[in-house]
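Enquirer: Give the three-dimensional model of this entry:
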Amino acid sequence: MAEVNHLGQPVGLPVDLALPRPAPQHLTLAGRYGAVVPLEAGHADALFAAYSEDPEGRGWTYMPLHPWPDVATARAWAMQAAESEDPLFFAVTDPDGVALGVCSYLRIAPEVGSVEVGFIHFAPPLQRTRLATEAMALMMGHVFDHLGYRRYEWKCDALNAPSRAAAGRLGFTYEGTFRQATVVKGRNRDTAWFSVIDSEWPRLKAGFEAWLAPENFDAEGRQKVSLKALREG
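Expert: Numbers count the residues shown, from 1 in each chain. This next block holds a predicted model:
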């Protein structure tokens, strides 16, 4: 949508939002099935154990890191990452507080109310679980409901089919592919861009709440209605 200025030119609509918005901070986002917590060096041992359930290293292929060869390397990475402000790293923990994956806010732009979710690396025990979806919903909800951001981004290697599918399932809109955007591990990376904007969040939020409700799962933990169907129904 656009307006026309006094010169007859189309211009963007005025933004009423008070900018800049607050920058994301380290805090705990508690859910029904676990939590998203500030990454700490103490999470390294549990993360190393969880990622070790992927002995082929499939989860590392599109990450900017190589698989950790030992727990000492994991500890060194976690110690450094815990101090970073952009990316701002979090661990996803189960109800017992065991870290099963990491994620982050990055490309944080309070001046325009935009932020990306990325560096998402979920270990096999976390993948395709209610907690995995809940973690993403908590991250998204905090940005829109509490920080008042306008835009939430997801970017991935254009060849990373699972990440592209996850973005679509979570309600992101594909915006295009930046060709030869960067180089990762010595290889070209075309980057696929996705986003959610603030006007879309209420519908997505209702879908997440309905999907995550205990009554949406049978006794074996299988979903009764898909997230997409609940969001679009």
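
Enquirer: Start from the N-terminal end of this protein and give the strands.
Expert: Ranges of strands in the chain, per DSSP state E, are 2-4, 10-12, 29-30, 35-38, 88-93, 99-109, 114-122, 151-157, 173-184, 187-197.

Enquirer: Tell me which of those strands sits most buried.
Expert: strand 88-93 (a mean of 26; mean count of other C-beta atoms under 10 Å). Backbone N, C-alpha and C define where each C-beta goes, glycine included.

Enquirer: a markdown table for the strands of the chain, including distance to residue 165 and mean pLDDT?
Expert: Converted to a markdown table, these look like this (distance: least, C-beta to C-beta, whole Å; pLDDT from 0 to 100):
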| stretch | distance to residue 165 | mean pLDDT |
| --- | --- | --- |
| strand 2-4 | 33 | 93 |
| strand 10-12 | 32 | 96 |
| strand 29-30 | 24 | 98 |
| strand 35-38 | 21 | 98 |
| strand 88-93 | 19 | 98 |
| strand 99-109 | 17 | 98 |
| strand 114-122 | 13 | 98 |
| strand 151-157 | 10 | 98 |
| strand 173-184 | 11 | 98 |
| strand 187-197 | 11 | 98 |
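
Enquirer: can you pull out the helices in the chain?
Expert: Ranges of helices within the chain are 44-51, 71-82, 130-141, 161-169, 201-212, 227-232, based on DSSP state H.

Enquirer: thinking again about what came up before, minimum distance to residue 55: which of the strands of the chain has it?
Expert: strand 114-122 (15.5 Å; C-beta to C-beta).

Enquirer: What is the closest one packed up against?
Expert: When contacts are defined as 3 or more C-beta pairs under 8 Å, 6 or more residues apart in numbering; DSSP states H and E, strand 114-122 sits against strand 99-109, helix 130-141, strand 151-157.

Enquirer: what would those look like in a markdown table with distance to residue 168?
Expert: Rendered in a markdown table, the data for the helices and strands packed on strand 114-122 read as follows (distance: least, C-beta to C-beta, whole Å):
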| stretch | distance to residue 168 |
| --- | --- |
| strand 99-109 | 18 |
| helix 130-141 | 13 |
| strand 151-157 | 10 |
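
Enquirer: any idea which residue sits dead centre in the chain?
Expert: Of all residues in the chain, the one closest to the mean position by C-alpha atoms, centre = their mean is residue 117, 3.9 Å from it.

Enquirer: List the contacts of that residue.
Expert: 103-106, 136, 139-140, 152-154 (C-beta atoms under 8 Å, 6 or more residues apart in numbering).
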